[in-house]
Every structure is written in structure tokens, then in C-alpha cells.
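Student: Turn this into a model:
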Amino acid sequence: MFLDLYWPIHDAWQARLLDGGFVDFEDMLVQAADHLESGRYVSPYRLVMVDELQDASRARARLTQALVRQPGRHLLAVGDDWQSINRFAGADLSVVTRFHDHFGPGPTVHLTKTFRCHQSISDTAARFVGKNPDQLTKGVVSVNDRPVDPAAHEGVQLRSIPSAAEVPRAIGDFLDQLRDAIHEGHITGDSVSVDVLGRYNQDRSLMPRVSPRGVRLAFRTIHSAKGLEADYVVVPNLSAGSYAFPSRIADDPVLALAITEGDSYPHAEERRLFYVALTRARRGVLLISPEHNPSPFVTELIQDGLVQDVGPRPVATPCPGCRVGVLRPRSGRTGHFWGCSTFPACTYTSNTLPLAGVSLPTRTTQRPPF
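Tutor: You can find the predicted model right below:
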């Protein structure tokens, strides 16, 4: 049905371009590659340089290939597959991960030093995003490797809250703590920048109404924050659900006709988006999560010992069965027990409550649905 609707619009669009002598952007790429591949145009450039290669679509990769296909041509490309977050716009991760298959043999230089993040932030972000075997393996070393200063709210911290309605207050409390840290001399300088990074534009509604003196506050989506930085980053809506993080909104199947297949690792691009969010911060990151409905990313960070919960009440214990849900008290025919919040997707149950970072009980039961 989609194609029946699409082709008349496509044909009308192409006719309009032809009548007006116009060309759209994608056609520029394709037609330019056609000219180069056919020999109708020979590029005079011996060196082609490409930045942000992880955002390249197949059409852009094809044009780049065509520019360097003649003898004596060289390609210098810079890109980071861990920051590939634009698949919706046609970006093809394999252009980086299978670079030599696309462009031929050549040396690779790993840029492993970061001048932005504290080492603790870099380590947390790298361990999280580096689990995907479809990505390149690399280490990242920060020029700032001194110990974390808790009084300056450095590193990655988690604050659990009762509900999403508490997010503005949690952000406001954090801003007040930064103001106090500046006043007490724990933070050098007379001001800091704080970026609240939302998964969606609608997360802007979670912002507090005012910001204390000495704190420069801004809201951005994580996509728009790529390439930017701030002293501190707040990720305000780390909950589970459709409009949460990771997003569970499935792409429309018709998009498969136009964009490349994603890699098979669960939430692969959402994980890279989370990595981008974490690594925008120079000093510290605050993650805010509801205690009874945390994001799978939060439960994973807790289980891996990568984050400290500074909230008044800790996030519920992650389910050791699926590592996605959390354990909640339930009752059944045989009494009380702990079960996964994602039931029936996960049927893990236990008679005792395992604690994050503590050995799990060996005796568990599988109970029928009630």
C-alpha cells in the first residue's frame, strides 16, 4: 500500500525537478558519483579528507570512493563508530567498522586521548558502549586522570526519585549543590555550565523554572548536543517505556526500504546515544531515574558497579534474570516472593531479595502466572 502511494508522488517530484532544472541533495551525491565512475569527470584532487565518517550514508561513501578511485589519490578519514547515532538520516555504521572493505588497505591511527572528560566518566562510558561486538575495540585515556572529588560532584552519579514529577526538583537540588560547591571552593571558578540532555524535545518540560547564580543552564536533545560539551551533564528521564531511554518506539517497517539495517546488538544505537550523552561532560554526570521503573541502562550500570546512587532511596534491585526489569514484591499461592517487573516476558523469581553487587541466592523458583 505504501509503495502504491509512494510511486506517484516520486514520479511527480522527479518531473517537477526536471521541469525546473533543479536537483535535490541525494541526487547531487548519486549523479556526482555517476560522473566520476563513468569517467565523464576526473577529479583534480589528490587528497580527499572526510570528517565525521560515522555519519556517512552509502551514497556519501560511494561518492568518496569515486573521488579516490584514480591512481595517486589518497583518503584521510576521521570518525568514531561509538558516536554513530544518525541511522535515521541514512548513516551506515559499516562505513567505519568495515572501512577497508569500502576504501581499500591503508594505515589506521587510533586517537585514544580525550581532552574533555574526566577519566572516570570516560571509563564508565567506554565500558558501557564497548560491549557491542559489532563495534571497534579501543581504549580512551583522559588527560584528567586525578581521583574523583565527590565534593565537586565529579564522575557519574545516579539519583533515584519516586516518580517523573520529581525530576525538576531533582535537577534543582543538583544545581543548588553545584552553587554551594562553588561558594565553598570545591569547584574552581565562579560559574559552571550544565546541560540537561533529553532523549526527546518533550523532556524540556522537566527543566526547573529557575537556575541559581553561578550556574549556566541549558536544555538540548542528545542528538543536538553531539560535538558540544559542558562542565556537567544531567540525563533527566532514564526510565523504561516507549518515550523513555532507551526508546522502545519501533521504526516503521517502510523505513527498511530506505535505510540500512542496524547492528544486531540490543539497543545498539540507543547505547551509542547514551555514550554521547555521558561524554559531553567535562567534570560530572547526574543520571535521574524513577526508583520503581528504571531504564535498563540504569540497571546495567548498577549491576556492573559503574554508578553510585546518591538518591535518598536506591533504585529497585535489577532483575538478575533478564537485566532489564527490577524485582518487585508479589504474592501467590505459596506466599510472598520477589518477581521481575517485566513478567511474563521474564519469569525470574526469588524468595529473598538479592542486592546489587552481592552474590545472588542459589535457590530460585519459577512460578505460574496469577
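
Student: what ranges do the strands span in the stretch 151-300 of the chain?
Tutor: 155-161, 192-198, 215-221, 230-235, 281-290 (DSSP state E, counting those that start in this stretch).

Student: Please identify the pairing partners of the first one and their relative orientation?
Tutor: Here strand 155-161 is paired, per DSSP bridges, with strand 281-290 (parallel), strand 308-309 (parallel).

Student: In that strand, which residues are buried?
Tutor: For strand 155-161, burial by neighbour count (16 or more other CB atoms under 10 Å) applies to 155-161. All C-beta atoms are positioned from the backbone trio N, CA, C, and that covers glycine.

Student: now it against strand 230-235, angle please.
Tutor: 30 degrees (axes from the mean of the first three to the mean of the last three CA atoms, to 10 degrees).

Student: Could you list the residues in contact with strand 155-161?
Tutor: Applying CB atoms under 8 Å, 6 or more residues apart in numbering, the contact partners of strand 155-161 are 118, 120-121, 124, 148, 167, 170, 174, 278, 284-291, 294, 298, 301-302, 306-315.

Student: Which ones among those residues lie within helices?
Tutor: 120-121, 124, 167, 170, 174, 278, 298, 301-302 (DSSP state H).

Student: Which residue lies closest in space to residue 181, excluding its sequence neighbours?
Tutor: In space, not counting the residues next to it along the chain, residue 181 is nearest to residue 187; the distance is 4.6 Å by CB to CB, 6 or more residues apart in numbering.

Student: Distance of the one you found relative to residue 142?
Tutor: Distance of residue 187 to residue 142, computed by CB to CB, to the nearest Å: 18 Å.

Student: if you count what's nearby, which of these two comes out ahead?
Tutor: Neighbours per residue (other CB atoms under 10 Å) separate residue 187 from residue 142, with residue 187 holding more: 24 against 18.

Student: Hmm, that one is touching residue 154, no?
Tutor: No - contact criterion CB atoms under 8 Å: residue 187 and residue 154 do not qualify, at 9.3 Å.

Student: Identify the contacts common to those two.
Tutor: The contact lists of residue 187 and residue 154 share residue 283, where a contact means CB under 8 Å, 6+ apart.

Student: list the contacts for the residue lying closest to residue 271 once chain neighbours are set aside?
Tutor: Closest residue in space to residue 271, ignoring its immediate chain neighbours: residue 129 at 5.5 Å, by CB to CB, 6+ apart. By CB under 8 Å, 6+ apart, the contact list for residue 129 reads 82, 135, 271-272, 274-275.

Student: What of residue 130?
Tutor: Contacts of residue 130 by CB under 8 Å, 6+ apart are 82, 137-138.

Student: quick one, phi/psi of it?
Tutor: As for residue 130, its main-chain torsions (degrees, to the nearest 10) stand at phi -80, psi 0.

Student: quick one: pLDDT of it?
Tutor: Model confidence at residue 130, given as pLDDT, is 95.

Student: now the one 10 residues further on
Tutor: According to the predicted model, the pLDDT of residue 140 comes to 92.
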